[in-house]
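1. 3D, please:
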Amino acid sequence: MSILYEDEYIIPSLGTDYTFPNPREACDDGLLAYGGDLHPQRILSAYEAGIFPWFNEGDPPLWWSPNPRFVLYPNRFKVSKSLEKTLKKRVFEVKIDTDFENIIEACANTPREGQNGTWILPQMQAAYNELFKMGFAHSVASYFEGKLVGGLYGVAIGKVFFGESMFSHKNDASKVCLKVLSDVLGERGYYFIDCQIKTDHLVRLGACEIERDLFLDSLKNALQRPSDIGSWQQFYREYRDD
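-> Now for the predicted structure:
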């Protein structure tokens, strides 16, 4: 079964296997397929093909690969003067892979300007919690006076980090997490952080748009590098010791 999209593109329904249509043939807004499930292996297969799930409550799973794609190269992270002060003062305690379930829940529950509700639905949370247990999903958290105030999560395969969401309950709390993540990824030879869709917030931090074909070509090369499966707590200890 399939649907006609924008009077031009045929959007197919996914079957029981974990294959996807060619993302290079998707329309620019990126809607590529619908249906299927959120089995962790399907999500991993999607990322490996340059595709990610994104849908609202009441919709079937929708699968996307937009053109252009929005990425952050670890060595191009921009540190503002205010963020530099926050980093020097060590306002926040940062931890990696210690509080995944609470971070994804906070990402889902934090109100966002211009958004009504969240796409991080309970079934999405369950899928990514399972990916964390499998060693593919990772989180970075910032704490102030022992309280979780900011964080982010995503999935790493090969030498690409696929960022999913972030939240902040205090100024610079999520920026510090992204800076630490960028530093750790840069030290380990990661090609880029996939930020998916452009936001002004991430543009100010150094993210940029690239053509989908370039993204897919770079992704193919990055996936040929070994994956860092398992806890990343040791990577952060090594980073702090430098």
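
2. contacts, neighbours, all on C-alpha from now
-> Fine.

3. so where does Q125 fall, helix or strand?
-> Counting by DSSP states H and E, the element that carries Q125 is helix 122-134.

4. Now the helix or strand following that helix: buried residues?
-> Moving toward the C-terminus from helix 122-134, the next helix or strand (DSSP H and E) is strand 137-144. Residues A137, H138, S139, V140, A141, S142, Y143 are the ones in strand 137-144 that count as buried (16 or more other Cα atoms under 10 Å).

5. The helix or strand just after strand 137-144 - what's its average pLDDT?
-> Downstream of strand 137-144, the next assigned helix or strand under DSSP H and E is strand 147-157. Across strand 147-157, pLDDT averages out at 98.

6. So for strand 147-157, what gets flagged as buried?
-> The neighbour-count criterion (16+ other Cα under 10 Å) identifies L148, V149, G150, G151, L152, Y153, G154, V155, A156, I157 as the buried residues of strand 147-157.

7. who's in contact with the first one?
-> Yep, that's L148 we're talking about. By Cα atoms under 8 Å, 6 or more residues apart in numbering, L148 lies in contact with A141, S142.

8. can I see the domain layout of this structure?
-> Described in terms of automatic domain parsing, the domain architecture of the chain consists of the residue ranges 2-67, 70-241.

9. what helix or strand is S45 on?
-> Element membership for S45, per DSSP H and E: helix 40-48.

10. so that helix versus strand 147-157, what angle?
-> Orientation of helix 40-48 against strand 147-157 (axes from the mean of the first three to the mean of the last three Cα atoms, to 10 degrees) gives an angle of 80 degrees.

11. what's helix 40-48 in contact with?
-> 18-20, 52-53, 127-128, 130-131, 157, 162, 219, 223.

12. Pull out the buried positions in that helix.
-> Residues P40, R42, I43, L44, A46, Y47, E48 are the ones in helix 40-48 that count as buried (16+ other Cα under 10 Å).

13. And for stretch 180-189?
-> With burial defined by 16+ other Cα under 10 Å, the residues of stretch 180-189 counted as buried are V180, L181, S182, D183, V184, L185, G186.

14. Filter these down to the ones in strands?
-> If you go by DSSP state E, the buried residues of stretch 180-189 have nothing in strands.

15. Determine which two of those residues are furthest apart.
-> Greatest spatial distance in the buried residues of stretch 180-189: V180 and G186, 9.8 Å, computed using Cα to Cα.

16. That'll do, ta.
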